[in-house]
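Colleague: Have a look; sequence and predicted model below, questions after that.
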Amino acid sequence: MIYSSTEENYIKAIFHLSEDGDENISTNDIAKQVSATAASVTDMMKKLKQKKIITYEKYQGVRLTKEGEKIAKSIVRKHRLWEVFLVEKLGYSWDKIHDIAEQLEHIQSEEMIDKLDKFLGHPQFDPHGDPIPDASGNIKIVKQILLSKMKAGDKGKVIGVKDSSAKLLQYLDSLEIHLGTAVEISEVIEFDNSFVIKLGKSKKITLSKLAAQNILVG
């Protein structure tokens, strides 16, 4: 069955919202994620329920069915493969690819996506460090922690970002923080919970709590 780009956006939004836990997703959270009114979300949930993509009861939240999860992983797979293509083959920077991949992810040809995957060498992660589902929907689990949860003396490498907005990525670029950057927590400043971190062997910078809450370290 072919789904509209709007339906796919909702399916992907529910999938991302469900990644942090097993609870049903509220329609309010979905509305924020897709920038839609509560009434629009309710209408869409009824449509997706009728197509057996979600389970949904009013006031009890939303959950993807197995079929819905399969569709969501396919959309995510396409999005992240296109991001790899845009960076590695077309030379885009990591802060400019999300919106373009949002358009490309709705291409329906699975054969084309499989060929794209092969062409790129079957990458496991996108340019933001997010795992790419394989053709069967399997996603590699990586041990990671938010930088904001680390303590003085902790070390690791940047392996991803929780927020892939252009503003955050441009900010990280200005600090010379990229995927693979070695970090060590020198100090957590009690006043505002900002972080003094050492990059590589010597460079020290101060990082805001907000930024630290969006950097994944492994």
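Modeller: Yes, it's here. Residues are numbered from 1 along each chain as shown.
Colleague: Just grab the bridge partners of the closest residue to N24 other than its chain neighbours for me.
Modeller: Excluding its sequence neighbours, the residue lying closest to N24 (C-beta to C-beta, 6 or more residues apart in numbering) is G61, at 2.8 Å. Using the backbone N, CA and C atoms, a C-beta is placed for each residue, glycine as well. Going by DSSP bridges, G61 is paired in beta bridges with E57.
Colleague: So which other helices or strands are in contact with the helix ranked longest in the chain?
Modeller: Ordering each helix of the chain by length in residues (DSSP state H) puts helix 66-88 first. For helix 66-88, the elements it packs on are helix 5-18, helix 98-104, helix 110-119, judged by 3 or more C-beta pairs under 8 Å, 6 or more residues apart in numbering; DSSP states H and E.
Colleague: Turn those helices into a markdown table, including mean pLDDT and distance to L169.
Modeller: Conversion of the helices and strands packed on helix 66-88 to a markdown table gives the following (pLDDT from 0 to 100; distance: least, C-beta to C-beta, whole Å):
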| stretch | mean pLDDT | distance to L169 |
| --- | --- | --- |
| helix 5-18 | 95 | 18 |
| helix 98-104 | 96 | 9 |
| helix 110-119 | 97 | 23 |
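Colleague: How much space separates the residue nearest to N24 from I30?
Modeller: Distance of G61 to I30, computed by C-beta to C-beta, to the nearest Å: 9 Å.
Colleague: Q60 now?
Modeller: Using C-beta to C-beta, Q60 is found at 14 Å from I30.
Colleague: Compare those two (neighbour count), which wins?
Modeller: Using other C-beta atoms under 10 Å as the criterion, Q60 and I30 rank with I30 on top: 22 against 10.
Colleague: first vs last residue of stretch 29-43, how far apart are they?
Modeller: Taking C-alpha to C-alpha, to the nearest Å as the measure, stretch 29-43 stretches 15 Å from start to finish.
Colleague: And the contacts of it?
Modeller: Residues from elsewhere that reach stretch 29-43 (C-beta atoms under 8 Å, 6 or more residues apart in numbering): 9-10, 13-14, 16-17, 27-28, 44-45, 58, 62.
Colleague: could you redo the last one with a cut-off of 6 Å?
Modeller: Stretch 29-43 is touched from outside by 9, 13, 17, 27, with contacts defined as C-beta atoms under 6 Å, 6 or more residues apart in numbering.
Colleague: out of these, which is most surrounded?
Modeller: That'd be A13 among the contacts of stretch 29-43, by other C-beta under 10 Å, with 22 neighbours.
Colleague: Which residue is the nearest non-sequential neighbour of it?
Modeller: Nearest to A13 is Q33, by C-beta to C-beta, 6+ apart, at 4.2 Å.
Colleague: what about that neighbour, distance to Q170?
Modeller: In terms of C-beta to C-beta, Q33 sits 23 Å off from Q170.
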